[in-house]
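> Here is a sequence together with a model predicted from it:
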Amino acid sequence: MSELKVYNSYSRQKEVFTPVTPGHVGMYVCGPTVSGESHLGHARPYITFDVVYRYLTHLGNKVRYVRNITDAGHFEEEGREAEDKISKKAVLEKLEPMELVQKYTNLFHWAMDKFNNIPPTIEPTATGHIVEQIGMIEQIIEAGYAYESNGSVYFDVKKYAASHDYGKLSGRVIEDLLETTRELEGQEEKRDTADFALWKNAAPEHIMRWKSPWGVGFPGWHIECSAMATKYLGAQFDIHGGGMDLLFPHHESEIAQSTICNHVAPVRYWIHNNMITINGRKMGKSYNNVIKLTELFSGDHPLLSKAFHPMVIRFFILQTQYRSTLDFSNEALQAAEKGLKRLWDAYEKLPALKHEGAAAPDAELEAKVISLVAAFEEDMNDDFNTAKVLAGMFELVPVINSISDNIIPVTALSKETLALLQKQMKTYVEDILGLKSVTEQDSHHLQGVMQLLIDIRKEAKANKDFVTSDKIRNQLAALGITLKDEKGGGMSWTVEG
RNA sequence: GGUCCUUUGGCCGAGUGGCUAGGCAGAGCUCUGCAAAAGCUCGUACAGCAGUUCGAAUCUGCUAGGGACCUCCA
């Protein structure tokens, strides 16, 4: 049995994963900013870390999974307009800020549920932790690493960098950062352009505002994660995850803030997922190339030929290692859809396979199945390589189909190996990869009706009454129900999802 | 401009220096009343150039293309 290795963005190499407290894992993942609808790009981290969460749990850990909701609103373009993202939208849509936040939070939860993502164990909101954030800022000021300026508070990057490794996570050189000449409004409040805001003075038109020792304002972007992670996971915790685009400045700044407050590096393993691209370019609002999740599920988008089931998206994402970019196209999604169907069809045949006792094992097949099944864990342990796990499953698909169709007798496998195959497939397909059926659970009534039709068709076929048998199959097809004759004389059916 | 990453067959994508990735699409065959599935077989891909090595998609250098971050960003 191998050990779990994860790629740590901080050290830029794979490291054996050892939690601070054996048997317990603290994991923090940067959650959504609920000022708008989630798009395909947002789906990747939440599915990626859902699998991480599931796998760590599978390994026997008790995982505290914290994923925040950013509902406090940040700058659209910092300094330039000084507009609070959420409050601006609120005016446009004539909604209370919190009403807007609620709407998009609900929508986010709905999408997460569709993806079969397990909810985090704690989902704290930024607005619910203003007190903690203010407390942390006060600590940083006390320690001498932040200064007040015009009702705002900034982190003193230059001073921090003199004794700490600012820039290590994101591969940034501090001298370059300090030399940046970028001219932004509001910069004159800072001592250095590299300094970042811990607290911002709120202009009168800001709807979201809180009292603080420095006046009325709102927290800077980075402090919420530091405050909430510290509160729920402690000064030092195991995993911090998020998209690669958050490396700088977000996570770099988090390290600085937390280190000053807690006197210890906050995170042991930084895990970052890569981007989803579209025509080779990152999907993002600024590129105007986003496909919202609702559009994906409905097919209502110029780039989409049809609606795609959330499970297809999940499968599509898991077919790629999380640290690679994943290029989106309608064609790629269609391929994923067909692939998932092939995998799932075989998977569903598995429970019905029964071993009839007397074994005539095929040593070669036996060994193949055992090694393929064992590889699931090896591959997951190698930095959560779900792409390889799925490839291995696809190698098992012909074996499962052949046994099911009696091309290979079930006795070619030993009873134990068949049981192992059934058990491990279920564990990895459902519990770890979190896949589930694309079709709705059918009612007992429908199942009864279908059984009746199948019986009639079987009789017709036995009597060579192909008019009747074809009529049943064709009319069902018109209703979106596919009826298939199987090798052993049985019939199976699927409803078009 | 700075820093870093990347370039695999028609498409998507794994790849630990030597052994078939896998999926989709395509071709042929088998099974089948027909259909759909399913099974079997097939394409011998690693941006280019040079180097290291007995041997490189995998290591090094150069060239070219693409991308990310440096600003809100998953």
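Arrived safely. What you see is a predicted model; the values in this text were computed from it and never measured.

> Tell me which residues touch the closest residue to RNA strand B within chain A, please.
Proximity of chain A to RNA strand B (C-beta to the nearest atom of the strand) peaks at A:G243, 1.6 Å away. Yep, even glycine has a C-beta here, placed from its N, CA and C like the rest. Residues counted as contacts of A:G243 (C-beta atoms under 8 Å, 6 or more residues apart in numbering) are A:C30, A:G41, A:R44, A:P45, A:H272, A:N273, A:M275.

> again, only this time at 7 Å
The contact partners of A:G243, taken as C-beta atoms under 7 Å, 6 or more residues apart in numbering, are A:P45, A:H272, A:N273, A:M275.

> Which of the residues you listed sits closest to A:I141?
Within those, proximity to A:I141 (C-beta to C-beta) peaks at A:H272, which comes in at 30.1 Å.

> Correct me if wrong: that closest one contacts A:L247.
Yes - taking contacts as C-beta atoms under 7 Å, A:H272 lies within contact range of A:L247: 6.3 Å.

> Of the two, which one has the most company?
A:H272 (23 against 18; other C-beta atoms under 10 Å).

> Specify the beta-bridge partners of that one.
Note on A:H272: beta-bridge partners A:G242, judged by DSSP bridges.

> any idea how far it is from A:N106?
28 Å (C-beta to C-beta, to the nearest Å).

> now do A:L413
48 Å.

> neighbour count winner among the two?
For A:L413 versus A:N106, the count of surrounding residues by other C-beta under 10 Å is larger for A:L413: 26 against 11.

> who's in contact with that one?
A:P361, A:L365, A:E366, A:V369 are the contacts of A:L413 under C-beta under 7 Å, 6+ apart.

> So how do I select the buried members of those in PyMOL?
The PyMOL selection below is limited to those of these classed as buried (16 or more other C-beta atoms under 10 Å):
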select buried, chain A and resi 365+366+369
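
> all strands for the stretch 101-250 of chain A, in order.
A:146-149, A:152-155, A:196-201, A:210-212, A:215-219, A:237-243 (DSSP state E, counting those that start in this stretch).

> Need the ones you listed in CSV (columns: mean pLDDT and distance to A:G280).
Below are the strands of the stretch 101-250 of chain A laid out as CSV (pLDDT from 0 to 100; distance: least, C-beta to C-beta, whole Å):
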stretch, mean pLDDT, distance to A:G280
strand A:146-149, 95, 40
strand A:152-155, 95, 35
strand A:196-201, 93, 31
strand A:210-212, 94, 42
strand A:215-219, 93, 36
strand A:237-243, 97, 18
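
> Turn those into a markdown table, including distance to A:I137.
As requested, these are exported to a markdown table (distance: least, C-beta to C-beta, whole Å):
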| stretch | distance to A:I137 |
| --- | --- |
| strand A:146-149 | 7 |
| strand A:152-155 | 6 |
| strand A:196-201 | 5 |
| strand A:210-212 | 8 |
| strand A:215-219 | 8 |
| strand A:237-243 | 20 |
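
> quick revisit: between A:H272 and A:L247, which contacts overlap?
A:S9.

> how about A:R191, phi and psi?
phi -80, psi -40 (degrees, to the nearest 10).

> one step back: among the contacts of A:L413, which pair sits farthest apart?
Among the contacts of A:L413, A:P361 and A:V369 lie farthest apart (C-beta to C-beta), at 10.5 Å.

> any low-confidence regions in the stretch 51-200 of chain A?
A:73-88, A:90-95, A:180-187 (pLDDT under 70).

> So which residues of the stretch 301-450 of chain A form strands?
For the stretch 301-450 of chain A, applying DSSP E, counting those that start in this stretch gives strands covering A:326-328.

> What parts of it come near RNA strand B?
Neighbours of RNA strand B within the stretch 301-450 of chain A, by C-beta under 7 Å from any atom of the strand: A:319-321, A:324-327, A:329, A:331-332, A:334-336, A:338-339, A:342, A:345-346, A:385, A:387-388, A:390-391, A:394-395, A:397-398, A:401-402, A:405, A:407.
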